[in-house]
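In: sequence and predicted structure, then a few things I'm wondering about:
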Amino acid sequence: MDRETRTLAERHFRSLEGRVLGGGAAPARAAFIAAPAAFSYADFVRGFLLPNLPCVFSSAFTEGWGSRRRWVTPAGMPDFQYLLDKFGDVIVPVANCGVQEYNSNPKEHMSFRDYISYWKEYIQGGYSSPRGCLYLKDWHLCRESTVEDLEDVFTLPVYFSSDWLNEFWDALDVDDYRFVYAGPKGSWSPFHADIFRSYSWSVNICGRKKWLLFPPGQEEALRDCHGSLPYDVTAPVLLDARLYPRFQHSSPPLEVLQEAGEMVFVPSGWHHQVYNLQELQAVQREISEWKDSMPDWHHHCQVIMKSCSGINFEEFYHFLKIIAEKRLLVLGQGPEEVFKDSPGPGLGHQQAAFDVSRLVEVLTSLITHPDFQRVDTSTFSLRPEELLAQLKDAMSSTAAL
């Protein structure tokens, strides 16, 4: 990130004054980015990251990936034999697309070899199987494989090199949000927004995908009479005005057809359904009837929130602290130093300074949140107020440069 882009980004977030992007209708079509040489990191920040708009990158952006060379046959089909030789004995998670379990699908685990065998049988059966339509999804290939197995599977695009979630998990070395999905025609992912309403990006190695994307806020018109979001936004039941009283006021989604090699950017908070958390407030609503009789009610809310969304307030602070310490280290090295822990070329001094400004805003909001104030922070290695003071000092010093 250069200084001009950083200044633009900071001005943009100041202009929001706490408002969340969203509420408008989806654009008529997603912008298509054809040539890598003509599209810089600054272009992406200005054109898509800040306005929170989706886009599609052409296959030219991924033509050097090892997965595109080795995982696909000349006919454009998955190279089952290569993949079996490489990953046959790996245990992978598989979802049953034909069974609804809450607003998702039940999962089982099987060897990659068994899944490929099922996939071949599914194709031979005319894209049908007594076992249903099984979809290999959320496979942590990068986390679970050796360097030799990966063989330059992918190269991190510079546009997504500022990735707080994966940077946090990489620091702990226990998890990540880098997934592989693979499945036959007819496999799909139900309606959802990405973890913590973060942005995401997805590359098709082969085949095609159809995306239905809804801007932040548009999902509200899709809630049923109980306030729940639908499992399938194309289901005829949504036309029942008694069950979905606001559906008639909903706007059509942005539809994207993603071809082989293309990369889709899904902005923050955009709900989507693709063919191929319970938040704290929701937890509190569901168990509110026990608030007066349950000892440590707020603590139980945190436990349930972690169980459903994977994180609670204490862990969210720890997440912010790890990112903050890394950015403070960069700023301490001076503007000419390179971010040594950077996964790509996008995280220099200006990016670190911008991230610090965002961390100050998020941490300030967290500290003042009444539910976070009930968390015992006395045992934290660095108290939230102390970390906030360090970040503010760093901001002042950076602004003086």
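Out: Structure received. In this text, all values refer to a predicted model and were calculated from it rather than measured experimentally.
In: and Ala394, what does it touch?
Out: Ala394 makes contact with 327-328, 331, 356, according to C-beta atoms under 8 Å, 6 or more residues apart in numbering. (C-beta placed from N, C-alpha, C; glycine too.)
In: between those residues, identify the one with the most neighbours.
Out: Neighbour counts for the contacts of Ala394, by other C-beta atoms under 10 Å, peak at Arg327, which reaches 25 neighbours.
In: pretty sure that residue contacts His349?
Out: No: counting by C-beta atoms under 8 Å, Arg327 stays clear of His349, with 9.9 Å between them.
In: nearest to Leu257 among the contacts of Ala394?
Out: Proximity of the contacts of Ala394 to Leu257 was ranked by C-beta to C-beta; the top entry is Arg327 with 38.1 Å.
In: how is this protein partitioned into domains?
Out: As recorded under automatic domain parsing, the domains making up the chain are 22-276, 312-399.
In: do a quick rundown of the strands in this structure.
Out: 31-33, 55-57, 91-96, 107-111, 134-139, 180-182, 188-192, 200-203, 209-214, 254-258, 263-266, 271-275 (DSSP state E).
In: show me what the first one is packed against.
Out: Looking back up the chat, that one is strand 31-33. Judged by 3 or more C-beta pairs under 8 Å, 6 or more residues apart in numbering; DSSP states H and E, strand 31-33 is in contact with strand 55-57.
In: pLDDT of stretch 229-249, averaged?
Out: Across stretch 229-249, pLDDT averages out at 95.
In: so where is the protein shaky, pLDDT-wise?
Out: Scanning the chain for pLDDT under 70 picks out 18-23, 146-149, 277-294, 297-298, 300, 302-311, 334-347, 399-401.
In: pretty sure Ala31 contacts Phe44?
Out: No: between Ala31 and Phe44 there is no contact under C-beta under 8 Å: 10.7 Å.
In: neighbour count for these two, which is higher?
Out: Phe44 (21 against 13).
In: distance-wise, check the nearest residue to that one once chain neighbours are set aside relative to Ala42.
Out: Using C-beta to C-beta, 6 or more residues apart in numbering and skipping residues adjacent in sequence, the residue nearest Phe44 is Tyr159, 4.4 Å away. Per C-beta to C-beta, to the nearest Å, Tyr159 is found 10 Å from Ala42.
In: between those two, which has more neighbouring residues?
Out: Using other C-beta under 10 Å as the criterion, Tyr159 and Ala42 rank with Tyr159 on top: 23 against 15.
In: wait, what's in contact with that one?
Out: Going by C-beta under 8 Å, 6+ apart, Tyr159 touches 41, 44, 49, 201, 265, 346.
In: Ala34 too?
Out: By C-beta under 8 Å, 6+ apart, the neighbours of Ala34 are 58, 60.
In: at 10 Å instead, please
Out: Neighbouring residues of Ala34 by C-beta atoms under 10 Å, 6 or more residues apart in numbering: 56-61.
In: give the contact list for Phe191.
Out: Phe191 touches 103-104, 212, 214, 219, 222, 229-235, 253, 271-274, counting by C-beta under 10 Å, 6+ apart.
In: wait, Pro215 sits on Pro252?
Out: No: taking contacts as C-beta atoms under 10 Å, Pro215 lies outside contact range of Pro252: 11.3 Å.
In: who touches both of those two?
Out: 25-26.
In: tell me which of the two has more neighbours.
Out: Between Pro215 and Pro252, counting by other C-beta under 10 Å, Pro215 is the more crowded of the two (23 against 11).
In: quick check: the more buried one vs Leu53, distance?
Out: For Pro215, the distance to Leu53 - C-beta to C-beta - is 9 Å.
In: quick one: closest of the domains of the chain to Arg6.
Out: Proximity to Arg6 (C-beta to C-beta) singles out domain 312-399 among the domains of the chain, at 4.3 Å.
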